[in-house]
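> got a sequence here, can you model it:
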Amino acid sequence: MRHEPVPLTRQLGTYTYRGHTVLEFRGEIDIVAATEIGPLLDRVTGRAGTRVVIDLRPVEFFDCSGLRLLYRARVRVLEHGGQLHLVCTQPLTLRVFRVTGLARLLPPQPTLDAALARSEAASGSL
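Numbering: from 1, shown residues only. Here you go, the predicted model:
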C-alpha cells in the first residue's frame, strides 16, 4: 500500500512500501537540494539492514550533486548490510546513469514493484 509521502524537505518525502523505506526525490536535485537532502539520506542509509528505495520519478532536474547522493547512499547501505533500489523513468537522468556507469551499480527500474522484484545482487548489493 502506498501512502502519501511525508515531506522532509521541499525535494524529499518518505513513506513505507512493502517493508521498504521509500525516499521520493522531487523537483530539482542540484547542489542546494543535495545540501538539504544529504543529512536526511545519511540518517536513513546508516541503519543496519535498512531496505531503501529511492524514487526519482518526480524529479525534473538531476545533476552531479544528485549522482553523489545516490552513490553515497549505495555505499552506506551496503556497509550496513542493507538493500538499495532505484526507480527512475526520466530519459535524461537515465542517460546520465548509463554514461557515468551508475546504472551498472544501481540498476534503475520503472516502478516500485519492478525495483523490489529485482534480486538482491541486481539491486545495488554487489
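> let me see the contact set for Gly46.
Going by CB atoms under 8 Å, 6 or more residues apart in numbering, Gly46 touches Arg76, His80. Every C-beta, even on glycine, is put in place using the N, C-alpha and C of the backbone.
> any regions of the chain where pLDDT drops low?
Applying pLDDT under 70 to the chain flags residues 1-8, 119-126.
> measure the most centrally placed residue in it to Leu69 for me?
Geometric centre of the chain, nearest residue: Ile54, 2.3 Å, by CA atoms, centre = their mean. Noted for Ile54: a distance of 8 Å to Leu69, by CB to CB, to the nearest Å.
> this protein: strands as residue ranges?
Assignment of strands within the chain using DSSP state E yields the ranges 6-9, 12-17, 20-25, 27-29, 51-55, 59-62, 83-87, 108-109.
> for these, give me TSV that also has distance to Thr100.
Converted to TSV, the strands of the chain look like this (distance: least, CB to CB, whole Å):
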stretch	distance to Thr100
strand 6-9	24
strand 12-17	22
strand 20-25	17
strand 27-29	15
strand 51-55	16
strand 59-62	11
strand 83-87	13
strand 108-109	12
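> so which of those strands gets nearest Thr45?
strand 51-55 (6.3 Å; CB to CB).
> let me see the contact set for Ile37.
For Ile37, the contact set (CB under 8 Å, 6+ apart) comprises Thr9, Gln11, Leu12, Phe25, Ile29, Leu69.
> which one of the residues you listed is nearest Val96?
Val96 lies nearest to Ile29 out of the contacts of Ile37, by CB to CB, at 11.2 Å.
> not counting its neighbours along the chain, what's nearest that closest one?
Ranked by CB to CB, 6 or more residues apart in numbering and with sequence neighbours excluded, the top spatial neighbour of Ile29 is Gly66, at 3.9 Å.
> surely that neighbour is in contact with Phe25?
Yes - counting by CB atoms under 8 Å, Gly66 touches Phe25, with 7.4 Å between them.
> shared neighbours of those two, anything?
Taking CB under 8 Å, 6+ apart as the criterion, Gly66 and Phe25 both touch Val59.
> hmm, back to that, can you flag the buried ones in the contacts of Ile37?
For the contacts of Ile37, a burial check counting by 16 or more other CB atoms under 10 Å picks out Gln11, Leu12, Phe25, Ile29, Leu69.
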